[in-house]
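# Sequence first, predicted coordinates after that:
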Amino acid sequence: MDLVLANAPDQCTLVPDAQNALTSDSGWDTITHEAFLTETIGILKAKGIRVSIFCDPVAKFIEGAKKVGADRIEFYTGPYAEQYHKDKAAAIQPYAEGAKIAHDLGIGINAGHDLNLDNLRYFQENVPNLLEVSIGHALVVDSLYYGLQNTVQMYLECLTIKD
């Protein structure tokens, strides 16, 4: 927190990782952690920092994100990525429904975890009001094959809305 407050980024995304976790594996339980999130978000917002919280596409947790003062949610998209090649329509459904709830509540929508060149366009086309995506590992790995400049352009192409 000291580092974030000292540097005041435009946005801070709060992720509920255990100390021994290698990577994210779920979103916040905004009900159980309501007091902690409310306090932490208040501190960040007092410094003018937009706050996003990692969230599963579950109505009660999205509603909880609004209650604790989050400006945005970032959907944890690991389950989407796991199910994408089996049944992409079923995989996207909870995110599309969750995005509608978030939008109706006035919360911005971000997404991230295991999004890549194979599954990103479908996600973007089917999740309304998506504002940002966080892509780390896949972009770095793709850059080893395609070069960084080409890879960035390929990801941007996935996010370009087609008529």
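Arrived safely. Numbering: from 1, shown residues only.
# how about low-confidence regions in this structure?
21-24, 162-163 (pLDDT under 70).
# can you map out the helices along it?
2-7, 34-46, 59-67, 78-83, 88-105, 120-126, 137-146, 148-159 (DSSP state H).
# So which of these is nearest residue 18?
For residue 18, the closest of the helices of the chain is helix 34-46, at 14.3 Å, according to C-beta to C-beta. Any C-beta I mention is one placed from the backbone N, CA and C, and that applies to glycine too.
# Enumerate the positions of that closest one that are buried.
37, 40-41, 44 (16 or more other C-beta atoms under 10 Å).
# again with stretch 149-160
If you call a residue buried by 16+ other C-beta under 10 Å, then stretch 149-160 has these buried ones: 151, 155, 158.
# tell me the contacts of residue 55?
By C-beta atoms under 8 Å, 6 or more residues apart in numbering, residue 55 lies in contact with 27-28, 30, 61-62, 65, 73-76, 98.
# Please tell me how far the nearest residue to residue 143 once chain neighbours are set aside sits from residue 114.
Leaving out its chain neighbours, the residue that sits closest to residue 143 by C-beta to C-beta, 6 or more residues apart in numbering is residue 151, at 4.5 Å. Applying C-beta to C-beta, to the nearest Å, the value for residue 151 to residue 114 is 16 Å.
# thinking again about what came up before, from what I can see the residue nearest to residue 143 touches residue 135, true?
No. At 9.8 Å, residue 151 does not count as touching residue 135 under the criterion of C-beta atoms under 8 Å.
# got any residues that touch both of the two?
Counting by C-beta under 8 Å, 6+ apart, nothing touches both residue 151 and residue 135.
# Reformat the contacts of residue 55 into TSV and put neighbour count and distance to residue 140 next to each item.
Below are those laid out as TSV (neighbours: other C-beta atoms under 10 Å; distance: C-beta to C-beta, whole Å):
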residue	neighbour count	distance to residue 140
27	24	23
28	25	26
30	26	30
61	22	29
62	28	30
65	28	29
73	31	25
74	28	19
75	28	21
76	23	20
98	21	28
